[in-house]
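> Sequence and predicted model, in that order:
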Amino acid sequence: MGVGKRFSRTLALLAACVLAAGAGSGAASAAAGITTSATPSGSIVSSANVGALQTYIQRYPDQFSGVYIDTTTHTVTVDAAAASSTTANALLGRELSALPRTAATSASTGLDLSVRMVRYSQSQLDTVMSQITSQAPWAALARPVLARWGVDPISDTVVVGVTQLSPQLAAVARSVFGGEVTLETQQRPDFATNTTKLPPDYRVVDVSSGKASTSSAVSPNVAPDPSRLLDTTPYFGGDRIYRLVAVTGGTELIQCTVAFKWAVPSMSGAGHCGPTGTIWAQGYYEPSNNTLYKTGTMGTVYSTQWGNQRIDGELMSGGSWDPFVYIQLQSAVAVGGSGAPTIGATTCTDGSYTNQNCTALISQINQCVTVNDNGTPVDVCGLDIATSTNGTLLCQPGDSGGPVYRHSGSYVFADGIISACSGDLSPGGKTVYFTDITRMISTFGSAIATS
């Protein structure tokens with residue numbers, strides 16, 4: 001029996017002992033959202049506890065390398081560094097017994113737990129990741145074509161995406177990083193802002209007092225009231241926001257979306273949408289009559305992170321908000337908290353242009369990505385990547401800052417904030433790049449406000 005199989009069997013036996021002790025004599029072998037099968041060949045983990053398991057694993061980067069889900073085999077895999085197998089075994093066994101208690105999990109509703117022994121730990125791969133933009137002679141050769149880089153637990157390497165993969169680049173990568181880097185071809189995504197050069201005769205109509213009674217002189221007012229386009233205070237996450245910028249020859253309109261109310265309190269959004277000091281209006285632009293409809297001020301940006309390998313996020317103050325998010329034009333759901341996005345899990349994207357799409361399958365977490373900003377490359381880190389499972393549109397221009405979440409009961413739980421999207425579908429893409437909510441919280445402090 002190989003080392004990996006011996007470790008998996010040891011873990012299963014350890015989990016069985018822990019669970020049996022907690023269940024009591026004659027009780028079903030279930031506790032903490034985990035059960036063992038009739039034969040102790042593995043454990044079953046409640047899908048509700050996968051995020052907690054990942055959060056725990058990330059606290060021990062020297063012992064583990066990652067967590068990921070395979071929905072086709074109903075398996076959640078934990079990668080443990082072979083050099084630290086004894087310590088990893090003890091740590092993981094302790095976590096299994098400490099997970100929050102849920103209803104008994106059956107094989108039909110849970111995920112089989114698998115432990116895989118890998119060569120590199122998270123710490124080792126993080127070191128490699130930090131060298132991608134600095135290690136000579138690789139960095140200078142790769143910089144013009146670099147698209148993204150980050151730890152991939154499935155391959156147990158740092159995966160580096162490049163827009164063009166030449167034999168020379170592959171040879172240098174092997175020489176500098178050996179087997180710790182995997183190269184693949186990938187295009188750079190675009191930030192999901194909506195930028196429009198306004199005609200000179202545009203109008204701004206304030207509909208804050210009686211939105212439904214806008215005069216016929218500026219009709220059609222196509223948005224219902226209240227909605228994510230024309231909302232009432234307190235505002236919800238998922239609302240459309242805009243700002244005006246004076247440019248040569250006229251005025252530029254920037255439209256984005258807001259995400260979640262913060263516990264500070266603040267409203268969150270995407271950092272690339274506007275710098276510190278930006279005053280965001282809530283409303284939308286109707287091109288058919290060249291009119292901007294405005295209900296009020298969403299808030300003023302007081303803290304921004306964006307570019308230079310930082311996350312993409314911002315917080316605004318000076319507004320009135322409630323912890324709900326729009327999931328469609330007029331439908332909203334309460335926010336129950338935040339989670340830990342996991343590779344292989346599905347999530348929902350929800351920009352104010354595309355609306356909710358819950359077919360986003362997470363393929364990578366905590367990546368650094370070179371994003372196209374109107375022709376200028378910008379490095380953003382802390383991004384998760386998800387692709388639609390049915391080829392439908394996940395994001396488009398104007399969705400930047402929108403919420404990413406998963407449903408649980410009558411609530412949604414935050415996974416992140418939309419940053420960029422691919423250009424493989426017009427007008428947007430089936431792949432979305434979003435700021436991981438755990439990175440957002442660790443950077444800005446506080447937490448998501450809940451209902």
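Looks like it came in fine. Residues are numbered from 1 along each chain as shown.

> contacts and neighbour counts: CA atoms only from here.
Will do.

> Pretty sure residue 348 is one of the things residue 327 touches, is it not?
No - using CA atoms under 8 Å, residue 327 makes no contact with residue 348, being 9.3 Å away.

> Which residue ranges of the protein form helices?
3-23, 50-58, 85-98, 122-131, 138-142, 167-177, 437-444 (DSSP state H).

> Take these and write them to TSV, including mean pLDDT.
Below are the helices of the chain laid out as TSV (pLDDT from 0 to 100):
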stretch	mean pLDDT
helix 3-23	34
helix 50-58	91
helix 85-98	78
helix 122-131	97
helix 138-142	98
helix 167-177	97
helix 437-444	97
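
> Quick one: closest of the ones you listed to residue 285.
Residue 285 sits nearest to helix 437-444 of all the helices of the chain, at 29.2 Å, using CA to CA.

> could you dump the closest one to PDB, C-alpha only?
In PDB, the C-alpha atoms belonging to helix 437-444 read as follows (Å, rounded to 0.1, in the frame of the first residue of the first chain):
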ATOM      1  CA  ILE A 437     -14.000  37.800   0.000                       C
ATOM      2  CA  THR A 438     -11.500  36.500   2.600                       C
ATOM      3  CA  ARG A 439      -8.800  38.700   1.100                       C
ATOM      4  CA  MET A 440     -11.200  41.700   1.100                       C
ATOM      5  CA  ILE A 441     -11.900  41.200   4.800                       C
ATOM      6  CA  SER A 442      -8.300  40.700   5.700                       C
ATOM      7  CA  THR A 443      -7.200  43.800   3.800                       C
ATOM      8  CA  PHE A 444     -10.000  46.200   4.900                       C
END
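
> So which other helices or strands are in contact with that helix?
On a contact count with 3 or more CA pairs under 8 Å, 6 or more residues apart in numbering; DSSP states H and E, helix 437-444 meets strand 411-421.

> Who are the packing partners of the strand it packs on?
Strand 411-421 packs on strand 190-191, strand 332-338, strand 346-351, strand 403-408, strand 431-436, helix 437-444, going by 3+ CA pairs under 8 Å, 6+ apart.

> right, so those: which one is the most enclosed?
strand 431-436 (a mean of 30; mean count of other CA atoms under 10 Å).

> tell me what it is packed against?
Using 3+ CA pairs under 8 Å, 6+ apart: strand 431-436 touches strand 355-373, strand 376-388, strand 411-421.

> Kindly reformat the helices and strands packed on strand 411-421 as a markdown table containing distance to residue 266.
Converted to a markdown table, those look like this (distance: least, CA to CA, whole Å):
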| stretch | distance to residue 266 |
| --- | --- |
| strand 190-191 | 23 |
| strand 332-338 | 15 |
| strand 346-351 | 19 |
| strand 403-408 | 15 |
| strand 431-436 | 17 |
| helix 437-444 | 11 |
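
> Ok, which of those comes nearest residue 86?
Closest of the helices and strands packed on strand 411-421 to residue 86 is helix 437-444, at 28.4 Å (criterion: CA to CA).

> if I look at residue 325, how far off is residue 336?
Residue 325 sits 11 Å away from residue 336, going by CA to CA, to the nearest Å.

> Please tell me how far the nearest residue to residue 394 once chain neighbours are set aside sits from residue 359.
Leaving aside its sequence neighbours, residue 394 sits nearest to residue 430 (CA to CA, 6 or more residues apart in numbering; 5.1 Å). Separation of residue 430 from residue 359 (CA to CA): 10 Å.

> where do the contact lists of the two overlap?
387-388 (CA atoms under 8 Å, 6 or more residues apart in numbering).

> Compare those two and say which is more crowded by neighbours.
Counted by other CA atoms under 10 Å, residue 430 and residue 359 do not tie: residue 430 has more neighbours, with 23 against 20.

> shouldn't the more buried one be in contact with residue 396?
No - applying CA under 8 Å as the test, residue 430 and residue 396 come out as separate, 9.2 Å apart.

> Next, show the common contact partners of the two.
Residues touching both residue 430 and residue 396 (CA under 8 Å, 6+ apart): residue 421.

> Out of the helices and strands packed on strand 431-436, which is the most enclosed?
Ranked by mean neighbour count under mean count of other CA under 10 Å, the helices and strands packed on strand 431-436 are led by strand 411-421, which reaches a mean of 29.

> With just CA atoms, put that one into CSV.
Only the C-alpha atoms of strand 411-421 are listed here, as CSV (Å, rounded to 0.1, in the frame of the first residue of the first chain):
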residue,chain,number,x,y,z
TYR,A,411,-29.8,34.0,2.6
VAL,A,412,-26.8,34.6,0.3
PHE,A,413,-23.2,34.3,1.6
ALA,A,414,-20.5,36.4,0.1
ASP,A,415,-17.8,34.8,-2.0
GLY,A,416,-16.3,37.9,-3.6
ILE,A,417,-16.6,41.1,-5.7
ILE,A,418,-16.5,41.2,-9.5
SER,A,419,-13.3,42.6,-11.0
ALA,A,420,-12.8,41.5,-14.6
CYS,A,421,-14.1,39.2,-17.2
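
> low-confidence ranges in the stretch 201-350 of the chain?
209-222 (pLDDT under 70).

> let's go with 90 and repeat that
Scanning the stretch 201-350 of the chain for pLDDT under 90 picks out 207-225.

> which residues in it form strands?
For the stretch 201-350 of the chain, applying DSSP state E, counting those that start in this stretch gives strands covering 203-206, 235-237, 240-247, 250-257, 261-262, 266-269, 279-286, 291-305, 313-317, 321-326, 332-338, 346-351.

> Nearest to residue 237 among the helices and strands packed on strand 411-421 would be which one?
Taking those one by one with CA to CA, strand 403-408 is closest: 7.1 Å.

> Tell me what angle the closest one forms with strand 411-421.
Interaxial angle, strand 403-408 versus strand 411-421 (axes from the mean of the first three to the mean of the last three CA atoms, to 10 degrees): 150 degrees.

> Show me what strand 403-408 is packed against.
strand 346-351, strand 411-421.

> Contacts for it, please.
Contact partners of strand 403-408, identified using CA under 8 Å, 6+ apart, comprise 237-238, 258-260, 325, 346-351, 358, 412-418, 434.
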